[in-house]
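Peer 1: attaching a predicted model along with its sequence, questions to come.
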Amino acid sequence: MSGFVEKPEPVQVPGLTHLHTGKVRDLYRDEAGNLVMVASDRMSAYDWVLPTEIPDKGRVLTKLSLWWFDKLADLVPNHVLSTELPAGAPADWEGRTLVCKSLDMVPVEAVARGYLTGSGLLEYNESRTVCGLALPEGLTDGSELPAPIFTPATKAAVGDHDENVSYEEVARQVGAETAALLRQTTLAVYSRARDIARERGIILADTKFEFGFDGETLVLADEVLTPDSSRFWPAAEWEPGRAQPSYDKQIVRNWLTSPASGWDRTSEQPPPALPAEVVEKTRAKYTEAYELLTGLPWS
């Protein structure tokens, strides 16, 4: 069992129709047919949406995504139409809301990896492959790959795991032409972002994108290159052969699996509330990532 510990009731706003409550975002449709995405402060870990929120997290994700969309605009268009708050929306939506173009979404998580870790490392240790792509011997946790690779995954419902799939499976699902475009665009965006992050002392180990079509044009959607969708590591502390320190929810994961939480991850019991210290440290990691990447103070 997994999912929401406490699923929130959607906010009712005149003129908006609630479509979906995700792990982090709430999705609405306005009267013009556009999508309204609201990034909450919810935190997910181990397929659970936790009962404790991280203050400002949704605003960090939104503001950082907008910064990246601007940096990537010459490579791929994005879905953002406006950052204006819809009429009648609660004040708390300020800074966490995007009005977006409605797209025909591609049912694939477009993942790019430049370093070996996570589920990729698990597969590599078993077969020396990631998503069926052969990799050289001798790699370890945190190793830089010879070149970035496209390692797609299926999109999972709340409470389920995304599952890595082969490129051939993506081509079967969406067609060879779309699969090739998806791979080419994903690797181009990853390479641009990797270089920008590297200049700021950050390693972009891997990241996932979502794409949709506006007519025949591939468009970058959802969030992009945030601590929720990417692994960012401090370059000065990079040391292959061990788990790397990161700018993401690792503090939360570590506490949940420690004796201090009292939670058995293998049980069907929901995880407990996070202590204030873990909440504050996690918030600090998210805001630090924003400041380091953009060079702007968090406010």
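Peer 2: Here it is on my side, so go on.

Peer 1: so what's I149 bridging to?
Peer 2: Note on I149: beta-bridge partners by DSSP bridges are R113.

Peer 1: correct me, but F4 touches V49?
Peer 2: Yes. Between F4 and V49 there is a contact under C-beta atoms under 8 Å: 4.6 Å. Quick note: C-beta positions are derived from backbone N, CA and C, even for glycine.

Peer 1: between those two, which one's more packed in?
Peer 2: Set side by side, F4 and V49 show more neighbours around V49, with 25 against 17, by other C-beta atoms under 10 Å.

Peer 1: report pLDDT for that one.
Peer 2: The model reports V49 with a pLDDT of 94.

Peer 1: isn't it up against P8?
Peer 2: No. Applying C-beta under 8 Å as the test, V49 and P8 come out as separate, 9.1 Å apart.

Peer 1: so how far is A134 from S102?
Peer 2: Distance, S102 to A134, using C-beta to C-beta, to the nearest Å: 39 Å.

Peer 1: no no, E126
Peer 2: 13 Å.

Peer 1: helices or strands up against the least confident helix or strand in the chain by mean pLDDT?
Peer 2: Every helix and strand of the chain was ranked by mean pLDDT, DSSP states H and E. The lowest is strand 163-164, at a mean of 85. Here strand 163-164 touches helix 118-127, strand 153-154, going by 3 or more C-beta pairs under 8 Å, 6 or more residues apart in numbering; DSSP states H and E.

Peer 1: could you pull out the helices for the chain?
Peer 2: Secondary structure of the chain by DSSP state H: the helices cover 57-72, 118-127, 167-174, 176-199, 250-256, 276-294.

Peer 1: show the pLDDT at E288.
Peer 2: With respect to pLDDT, E288 scores 96.

Peer 1: what's the closest non-adjacent residue to it?
Peer 2: Nearest non-adjacent residue to E288, counting by C-beta to C-beta, 6 or more residues apart in numbering: Y247, 6.3 Å away.

Peer 1: circling back to that earlier point, now the common contact residues for V49 and P8.
Peer 2: Contact with both V49 and P8 is made by residues R42, according to C-beta atoms under 8 Å, 6 or more residues apart in numbering.

Peer 1: quick one: low-confidence ranges for the stretch 151-299 of the chain?
Peer 2: By pLDDT under 70, the low-scoring segments of the stretch 151-299 of the chain are 156-161.

Peer 1: let's see 90
Peer 2: Counting by pLDDT under 90, the stretch 151-299 of the chain has low-confidence residues at 154-165, 248-250, 265-268, 299.

Peer 1: residue contacts, the residue nearest to E288?
Peer 2: I202, P227, F232, W233, P234, K285, Y286, E288, A289, L292.

Peer 1: same check on L293?
Peer 2: L64, W67, I196, A197, R200, I202, F232.

Peer 1: 6 Å instead?
Peer 2: Listed by C-beta atoms under 6 Å, 6 or more residues apart in numbering, the contact set of L293 reads R200.

Peer 1: ok, E94 next?
Peer 2: L85.

Peer 1: ok, R253 next?
Peer 2: Counting by C-beta under 6 Å, 6+ apart, R253 has contacts A45.

Peer 1: look up how far I203 lies from L293.
Peer 2: The value you get for L293 to I203, if C-beta to C-beta is used, is 12 Å.

Peer 1: ok, now L181?
Peer 2: 27 Å.

Peer 1: swap in P136?
Peer 2: For P136, the distance to I203 - C-beta to C-beta - is 20 Å.

Peer 1: S102 and A134: who's more crowded?
Peer 2: Of the pair S102 and A134, S102 is the one with more neighbours under other C-beta under 10 Å, namely 16 against 9.

Peer 1: thought L35 was touching that one, still the case?
Peer 2: Yes. Counting by C-beta atoms under 6 Å, S102 touches L35, with 5.3 Å between them.

Peer 1: who does the longest strand belonging to the chain touch, helix- and strand-wise?
Peer 2: In the chain, assigned by DSSP state E, the strand with the most residues is strand 202-214. Judged by 3 or more C-beta pairs under 6 Å, 6 or more residues apart in numbering; DSSP states H and E, the packing partners of strand 202-214 are strand 104-105, strand 108-115, helix 176-199, strand 217-221, strand 230-234.
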